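Q: A predicted structure for the sequence below; I have some questions about it.
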Amino acid sequence: MNTEVGLQDFLDQLIEQKAHSLKTNTLRNYKQTCGYLIRHFGANKPVGSIAVGDADEWQDSMFESLSPATTSRETRRAQQFFKAAHRKGLITTNPFSDLKSPPQVNKSREFYVTTEAVEKVLEHCPDAEWKLIVSLCRHGGLRCPSEHLRLTWDCVDWDKDRITVYSPKTEHHVGGELRIIPMFSELRPHLERVFEEAEEGTKYVINRRRIPSQKYTTRLKKIITRAGLKPWPKLFQNMRATRQTELSAQFPLHVVCAWLGNSAPIAQKHYLQVTEQHFAEAIGGGAKSGALSAKRGAQNQAQHSAASSRNHPLKTKTARKNRAVLPIGAICSELLQTHLVPRRGVEPLSPP
């Protein structure tokens, strides 16, 4: 067993072996994790000399500089890397195997993109293609830009009002290479407009706006700001999650998951949200609820006044002076309440 292999050499070799089977984003993420490991342990640190306590310290350092969700992802990748080292015989045990991964769901980054908000954004988009990009996310639930850029006009079935979506993210799963979604009524006008403007023989639906993925985020932020709104935390994913939440209120979850290309557990963990509309529907509408609240407010006030009268010594004394003028039924009621229950309480006497 060669325990003297340096961390840098091991990770470089591992990435080189996997590079041909990894997608561009995954490869970038793997290299990022390698960077975190090398910065902490050093490039020449022998892989076999990294102990369980060292792994604990590495994760603690990650928590200090990164969010829990990011730390969780990095921890899982580190566990994969050292599992590979164990399989190669470079280490006897995986020092990262027992590290607990914190939850990857960051509720603070959830955001429901309302219909009103997306309409403002669409109004400030510079052209028809950008409007379609936004609508494909918010109304079609597509992943941007990977699924947008694979859309061709052959994918659009105008007669059946359906769109075939090819997904690089899920194509390695059986049956996950594509899905078919409805041509939603909110989406169709933007799709028609781009089709009308496209030149004869154009292959891709998004043709002029085929830019590097990171630039989509930068440009959408500017569009949202021009619309007078504050950019939401996860620009494209928040719109996709909003659409899944919206559709799940109308259709069975398995149908919505088939349209958006994810599973029910993933949808429930990362996509579905509790919205203000849910609360409004649960209480039966604003007008009815408002009238009921007013009634309850008046009732509470009356109860409070009555309670104050009972508890105020002077008012109680005055009421007792006027007891003779009360109806006989009321006097009897008070007698029953104050005199018929013995001081020993209501429990039966103990047998002799």
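A: Here it is on my side, so go on.
Q: Please count neighbours and contacts with C-alpha atoms only from this point.
A: Fine.
Q: Next, the contact list for residue 226, please.
A: Shown in contact with residue 226 (Cα atoms under 8 Å, 6 or more residues apart in numbering): residue 124.
Q: Restrict the helix or strand harbouring residue 223 to CA atoms and write it as PDB.
A: Per DSSP states H and E: residue 223 is located in helix 213-226. In PDB, the C-alpha atoms belonging to helix 213-226 read as follows (Å, rounded to 0.1, in the frame of the first residue of the first chain):
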ATOM      1  CA  SER A 213     -24.300  30.300 -18.800                       C
ATOM      2  CA  GLN A 214     -23.000  32.800 -16.200                       C
ATOM      3  CA  LYS A 215     -24.000  35.800 -18.400                       C
ATOM      4  CA  TYR A 216     -27.700  34.800 -18.200                       C
ATOM      5  CA  THR A 217     -27.700  35.500 -14.500                       C
ATOM      6  CA  THR A 218     -25.900  38.800 -14.800                       C
ATOM      7  CA  ARG A 219     -28.200  40.100 -17.600                       C
ATOM      8  CA  LEU A 220     -31.400  38.900 -15.800                       C
ATOM      9  CA  LYS A 221     -30.400  40.700 -12.700                       C
ATOM     10  CA  LYS A 222     -30.100  43.900 -14.700                       C
ATOM     11  CA  ILE A 223     -33.600  43.300 -16.300                       C
ATOM     12  CA  ILE A 224     -35.200  42.700 -12.900                       C
ATOM     13  CA  THR A 225     -33.600  45.900 -11.500                       C
ATOM     14  CA  ARG A 226     -34.800  47.900 -14.500                       C
END
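Q: burial of residue 185, as a residue count?
A: Each residue near residue 185 was counted by other Cα atoms under 10 Å, and the total is 11.
Q: Could you measure from it over to residue 139?
A: 9 Å (Cα to Cα, to the nearest Å).
Q: do the same with residue 99
A: Distance, residue 99 to residue 139, by Cα to Cα: 40 Å.
Q: Which one's more surrounded, these two?
A: Using other Cα under 10 Å as the criterion, residue 99 and residue 139 rank with residue 139 on top: 24 against 16.
Q: Now do the contacts for the more buried one.
A: Applying Cα under 8 Å, 6+ apart to residue 139 gives the contacts 184, 186-187, 240, 243.
Q: how does it look with 10 Å?
A: By Cα atoms under 10 Å, 6 or more residues apart in numbering, the contact list for residue 139 reads 115, 118, 132, 183-188, 239-240, 242-244, 246-247.
Q: Of these, which qualify as buried by neighbour count?
A: The neighbour-count criterion (16 or more other Cα atoms under 10 Å) marks 118, 132, 183, 187-188, 239-240, 242-244, 246-247 among these as buried.
Q: taking those residues one by one, which sit in helices?
A: When DSSP state H is applied, these are split such that 118, 132, 188, 239-240, 242-244, 246-247 fall in helices.
Q: nearest to residue 277, of those residues?
A: Each of those was scored against residue 277 by Cα to Cα, and residue 246 proved nearest at 9.9 Å.
Q: Tell me the spacing between the closest one and residue 113.
A: Residue 246 is 10 Å from residue 113, by Cα to Cα.
Q: who touches both of those two?
A: Contacts common to residue 246 and residue 113, judged by Cα under 10 Å, 6+ apart, are residue 240.
Q: Give me the phi and psi angles of residue 162.
A: phi -140, psi 160 (degrees, to the nearest 10).
Q: which regions of the stretch 151-300 of the chain lie under the pLDDT threshold?
A: For the stretch 151-300 of the chain, applying pLDDT under 70 flags the ranges 285-300.
Q: got the residue ranges for the helices in it?
A: 188-197, 213-226, 235-248, 253-260, 264-266, 276-282, 286-311 (DSSP state H, counting those that start in this stretch).
Q: roughly how far out does the third one sit from the chain middle?
A: If I follow you right, that is helix 235-248. Distance, stretch centre to chain centre, for helix 235-248: 9 Å (Cα atoms, centre = their mean, to the nearest Å).
Q: repeat for the fourth one
A: When distances are taken as Cα atoms, centre = their mean, helix 253-260 is centred 16 Å away from the chain's centroid.
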